[in-house]
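Asker: Generate a structure from the sequence data that follows.
(chains A and B, ligands or ions: 1)
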Amino acid sequence: MADKDTNAIRDMGSFYQRDRAWHPPAFTPQYKTSVLRSPQHALLSMEGTVSEMTGPRFGHGQLGPLDNDLIHNFSRDGEPIGQRIIVHGRILDENGRPVPGALLEFWQANAGGRYRHKREAYLAPLDPNFGGCGRTITDDDGRYWFRTIRPGAYPWPNGVNDWRPAHIHFSIFGHAFTQRLITQMYFEGDPMIWQCPIVSTIPDRAAAEQLIAALDRNNTLPMDALAYKFDIVLRGRRSTLFENRMEGN
Amino acid sequence: MVQKLDMLKETPSQTAGPYVHIGLTPNWCGIDGVYPEDLGRVMVGPQAEGERITVTGRVLDGSGTPLKDALIEIWQADAAGLHNSPVERRGAADPHFSGWGRQPTDGVTGEFRFETIKPGRVPYKDGRLQAPHITFWIVARGINIGLHTRMYFADEEAANAECPVLARVEHKVRVPTLIAPRSEGKDGVAYTFDIRLQGEKETVFFDV
Ligand SMILES: [Fe+3]
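Answerer: Residues are numbered from 1 along each chain as shown, chains lettered A, B, ... in the order given. Below you'll find the predicted structure:
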């Protein structure tokens, strides 16, 4: 694919512009920390250049065998307390095509809702056998999976009685730096989702629903782990006519 | 009814929250033994081409207070202007330079620090050259969607003056928010890049 002609850059399909109305805006006063951390000026809109249309790629060789197993990757003298679950799904782009080779990193609280972090102030106990981080890379069909325990809900200082619904944080690298995304996964059926000031930073309910993983009974491991299915969509690219072939996505 | 376009919607962003380090720099925040090393900690190998530089700075909120819980990623070309990426089609980048770095802001001072190299120039979509720059991506508690910006180099005045991206900044008074001053000391070449989320000198952020 190497092409020394810099003009070829023009023929790499650029990415669809991000639908900023689908994402949370920067300034969301119900989530108080955003007030002083939200840019006030309009963003400078620009079609991506080669600087944004490229991105780092990560190899399976960089991962360890327990990286996608949060039940065992921090184990000291046994397994963590909690409901055993499997989280799986696909990474797709907006054109519906799988994104292979995507790096996913995830982090979460333990079953009691406590994070392993020095700034964490919640009184729920640490679990000596739970670290709370994991990672994996999607296969050729864009599929991923990992094993963990279901995180607990936790209170946080925003309003006097705000609680986060159970959630897992996700960080995703696609093929281009412009696809970079961090989000959170929620669990089907949790009534606390709709009381959360962070969920409600997303203006459109249908967009927030895109973050709710479905209980997937067909993929549970009997007598072992429940399964949740969580698909993630990254930005897609325009097709471009390049030497009379459609390419770019 | 017209036919459906069958486009999927991008998964909406959510804040990285205060504990982003557990997931992205676990060794840095004391979670040992899960990964051998935090990803993105080292960008430059001993044999990498180009001028070694250090980039430091802070991310300041609307009250001028540095964020002590932010996480920053940078992405840039190598000294020859090529990206270490499978979708880079102009040639093979320096294998000793990753081009991608990830660092937290310090929990006490709020300072971030990257050891990298000065990038070469890369083309704009019409083939004109952009000035050398480093792409920044900032996430933190209170930031609902990661912020993209760019750092340019103060000693590249001629290139900056003709950069097609800098030319798109409508209010020229805001261009200096993207330009890092250079200093040379006993520790080598350093650039300082403070990112202001709000206020009179709010950094220009990009929707790319
Ligand atoms: Fe959380």
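Asker: C-alpha from now on. contacts and neighbour counts both.
Answerer: Will do.
Asker: can you give me the strands in chain B?
Answerer: Secondary structure of chain B by DSSP state E: the strands cover B:52-60, B:71-75, B:100-104, B:111-117, B:133-139, B:147-153, B:179-180, B:182-185, B:188-192, B:195-196, B:206-207.
Asker: Can you tell me which of the ones you listed is nearest to chain A?
Answerer: strand B:206-207 (4.5 Å; CA to the nearest CA).
Asker: Which neighbouring elements make contact with the closest one?
Answerer: In terms of contacts (3 or more CA pairs under 8 Å, 6 or more residues apart in numbering or on different chains; DSSP states H and E), strand B:206-207 is packed against strand A:44-45, strand B:147-153.
Asker: Which residue is the nearest non-sequential neighbour of B:K201?
Answerer: Counting by CA to CA, 6 or more residues apart in numbering or on different chains, B:K201 lies nearest to B:T177, which is 6.6 Å off, once chain neighbours are set aside.
Asker: Ok, B:A140 next?
Answerer: B:A70 is the one closest to B:A140 (CA to CA, 6+ apart), at 4.4 Å.
Asker: Kindly format the C-alpha coordinates of stretch B:143-154 as PDB.
Answerer: C-alpha atoms of stretch B:143-154 as PDB (Å, rounded to 0.1, in the frame of the first residue of the first chain):
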ATOM      1  CA  ILE B 143     -14.700  16.300  30.200                       C
ATOM      2  CA  ASN B 144     -17.600  14.600  28.500                       C
ATOM      3  CA  ILE B 145     -15.900  13.900  25.200                       C
ATOM      4  CA  GLY B 146     -12.100  13.800  24.600                       C
ATOM      5  CA  LEU B 147     -10.700  17.100  23.400                       C
ATOM      6  CA  HIS B 148      -8.500  17.300  20.300                       C
ATOM      7  CA  THR B 149      -5.900  20.000  19.900                       C
ATOM      8  CA  ARG B 150      -2.500  20.500  18.400                       C
ATOM      9  CA  MET B 151       0.900  21.700  19.600                       C
ATOM     10  CA  TYR B 152       3.000  23.700  17.200                       C
ATOM     11  CA  PHE B 153       6.600  24.800  17.600                       C
ATOM     12  CA  ALA B 154       7.500  28.400  18.300                       C
END
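Asker: In a strand, A:M185, correct?
Answerer: Yes: counting by DSSP: H, G, I helix; E, B strand; the rest coil, A:M185 is found in a strand.
Asker: Relative to chain B, how far out is it?
Answerer: 9 Å (CA to the nearest CA, to the nearest Å).
Asker: Could you double-check that that residue lies in contact with A:S171?
Answerer: No: taking CA atoms under 8 Å as the definition, A:M185 is not a contact partner of A:S171, at 10.8 Å.
Asker: Mind checking which of the two has more residues around it?
Answerer: A:M185 (23 against 20; other CA atoms under 10 Å in any protein chain shown).
Asker: what residues are up against the residue nearest to the spatial centre of chain B?
Answerer: The centroid of chain B falls nearest to B:F136 when counting by CA atoms, centre = their mean (2.0 Å). Applying CA atoms under 8 Å, 6 or more residues apart in numbering or on different chains to B:F136 gives the contacts B:I72, B:E73, B:I74, B:W75, B:L147, B:H148, B:T149, B:R150, B:M151.
Asker: do that again at 10 Å, thanks
Answerer: B:72-76, B:101-102, B:146-151, B:195, B:205 (CA atoms under 10 Å, 6 or more residues apart in numbering or on different chains).
Asker: which regions of chain A sit below the pLDDT cut-off?
Answerer: Chain A contains residues with pLDDT under 70 at A:1-12, A:240-249.
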